[in-house]
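In: Need a 3D model of the following:
(2 chains)
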Protein chains: 2
Amino acid sequence: MKISLGAKSVVYPAPSFVVGTYDKDGRPNVATAAWCGICCSKPPCIGVSFRKATYTYGNIVEKKAFTVNVPSERYVKEVDFFGIASGRKVDKFAKAGMTPVKSTFVDAPYIAEFPFMLECKLIHTIELGLHTQFIGEIVDVKADEDIVNAEGNIDIEKVKPIILSPGLLKYFGIGQYLGKTFSIGKEL
Amino acid sequence: MKISLGAKSVVYPAPSFVVGTYDKDGRPNVATAAWCGICCSKPPCIGVSFRKATYTYGNIVEKKAFTVNVPSERYVKEVDFFGIASGRKVDKFAKAGMTPVKSTFVDAPYIAEFPFMLECKLIHTIELGLHTQFIGEIVDVKADEDIVNAEGNIDIEKVKPIILSPGLLKYFGIGQYLGKTFSIGKEL
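Out: Residues are numbered from 1 along each chain as shown, chains lettered A, B, ... in the order given. Here you go, the predicted structure:
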């Protein structure tokens, strides 16, 4: 029997990505975002949502660029810190002991220590209410060499990404392998 | 050392949600989507992306409504099947032995057997290229009573959601608990 919980923003899994931007003076900032997701394959695009009150919001509007940094579970404390502190008051890279690197194709920094990242060029801004969704075209993906397999795909079991549960506010790792996409459903 | 993989649509984790719609004749359909994510807290909104060629695309345009059904890992074969078959040719509910239920607030069906779902009213349509992003306002969340805790939150460890790894095309379960959001980062 299903019960009604009202209008809520909850899905499982939600991601915990870290969005990198420069401010107008070129200072690097990072902010954790759960309201994110790929939204197109061709051109590859990703949506990331921020409140207007955040430092990142102004940086994206200014620079029309951002990076999406995918963390490993060993960085869960840093990811959480990047979601608590504000770049207006704190140099989050310095405080967390992480290294900002300038992207190749867009005017935004990425985190050297995280396993992989997407360089994104802002192409759409959608005002929704409390959050604004920024859609970025993914112009390049960069990954640590040792997590990329022979086919050029990133090994999720080497990345060990972080899963967020909104509402409950808990982080989890990934678990057991369940099967192959576009394959196990053929039995039906 | 990071290497460049080019412009690709890849992030970890990606979800594997099942989107429910009615066609113009009122026949229920479901389709699996990985290009999804919450994009606003107030009003609560979620984006789901589909190619124009899909049956679901036409249904959402027609009905301006959809549901997002969150699966448990025990339904991984059904989820994969819902992403392979087309509602133009197959009654996917019947084939998978699942039960369509009419939503309370929107003109779209949900899957009785899945642990929880979002009823969504279409509010924005964003043409991106191969995919179109449909943004739905979440007007209600319905969950099985036995997965909702005393605070009204859905227990992710009871849901056992499915994580997709694009590129690799593998499904995973969720793993170990890593810590509390807006909490463990305070140590830094």
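In: Tell me which helix or strand the residue of chain A found nearest chain B sits in.
Out: Closest to chain B within chain A is A:Gly37: 2.4 Å, counting by Cβ to the nearest Cβ. All C-beta spots, glycine's among them, are computed from the backbone N, C-alpha and C. Assigned by DSSP states H and E, A:Gly37 belongs to strand A:36-41.
In: Give the pairing partners of that strand; include direction for each.
Out: Next to strand A:36-41 in the sheet, as set by DSSP bridges, lie strand A:44-51 (antiparallel).
In: just how off-centre is the partner strand within its chain?
Out: Averaging C-alpha positions (Cα atoms, centre = their mean, to the nearest Å) puts strand A:44-51 8 Å from its chain's average.
In: In PDB, list the C-alpha atoms belonging to the strand holding A:Gly37.
Out: The C-alpha trace of strand A:36-41 is given here as PDB (Å, rounded to 0.1, in the frame of the first residue of the first chain):
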ATOM      1  CA  CYS A  36      22.500  17.400 -11.300                       C
ATOM      2  CA  GLY A  37      22.200  15.000 -14.200                       C
ATOM      3  CA  ILE A  38      23.100  14.400 -17.800                       C
ATOM      4  CA  CYS A  39      20.400  15.700 -20.100                       C
ATOM      5  CA  CYS A  40      21.500  15.000 -23.600                       C
ATOM      6  CA  SER A  41      23.900  12.600 -25.500                       C
END
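In: what residues does it touch?
Out: The contact list for strand A:36-41 (Cβ atoms under 8 Å, 6 or more residues apart in numbering or on different chains) reads A:15, A:17, A:19, A:44-49, A:68, A:135, B:9-11, B:14-15, B:34-39, B:47, B:49, B:126, B:128-131, B:133, B:166.
In: on that earlier part again, distance of the closest residue in space to the residue of chain A closest to chain B that isn't next to it in sequence relative to B:Glu145?
Out: Nearest residue to A:Gly37, sequence neighbours excluded (Cβ to Cβ, 6 or more residues apart in numbering or on different chains): B:Gly37, at 2.4 Å. Using Cβ to Cβ, to the nearest Å, B:Gly37 is found at 27 Å from B:Glu145.
In: Those two: who's more crowded?
Out: Remark: of B:Gly37 and B:Glu145, B:Gly37 carries more neighbours, 30 against 8, as counted by other Cβ atoms under 10 Å in any protein chain shown.
In: Averaged pLDDT, the strand holding A:Gly37. What do you get?
Out: Mean pLDDT, strand A:36-41: 98.
In: ok so, going back, bridged to the residue of chain A closest to chain B, which residues?
Out: Taking DSSP bridges, one finds A:Gly47 as the beta-bridge partners of A:Gly37.
In: Secondary structure element holding A:Leu118?
Out: Per DSSP H and E, A:Leu118 falls inside strand A:116-127.
In: so that strand versus strand B:116-127, what angle?
Out: 80 degrees (axes from the mean of the first three to the mean of the last three Cα atoms, to 10 degrees).
In: Angles on the backbone of the residue nearest to A:Thr181 when sequence neighbours are not counted, please.
Out: In space, and not counting its chain neighbours, A:Thr181 is closest to B:Leu169: 3.9 Å by Cβ to Cβ, 6+ apart. Taking degrees, to the nearest 10, you get phi 60, psi 50 for the backbone angles of B:Leu169.
In: And A:Asp80, by the same measure?
Out: Residue torsions, per degrees, to the nearest 10, at A:Asp80 are phi -70, psi -40.
In: Isn't it up against B:Leu178?
Out: No - between A:Asp80 and B:Leu178 there is no contact under Cβ atoms under 8 Å: 9.4 Å.
In: anything in contact with each of those two?
Out: A:Tyr171.
In: Comparing those two, which residue is more hemmed in?
Out: Per other Cβ under 10 Å, whichever of A:Asp80 and B:Leu178 has more neighbours is A:Asp80, with 26 against 22.
In: Phi, psi for the closest residue to the more buried one other than its chain neighbours please.
Out: Distance criterion Cβ to Cβ, 6+ apart; nearest residue to A:Asp80, sequence neighbours excluded, is B:Gly185 at 3.0 Å. B:Gly185 adopts backbone torsions of phi -80, psi -10, taken as degrees, to the nearest 10.
In: That's all I had, so thanks and see you.
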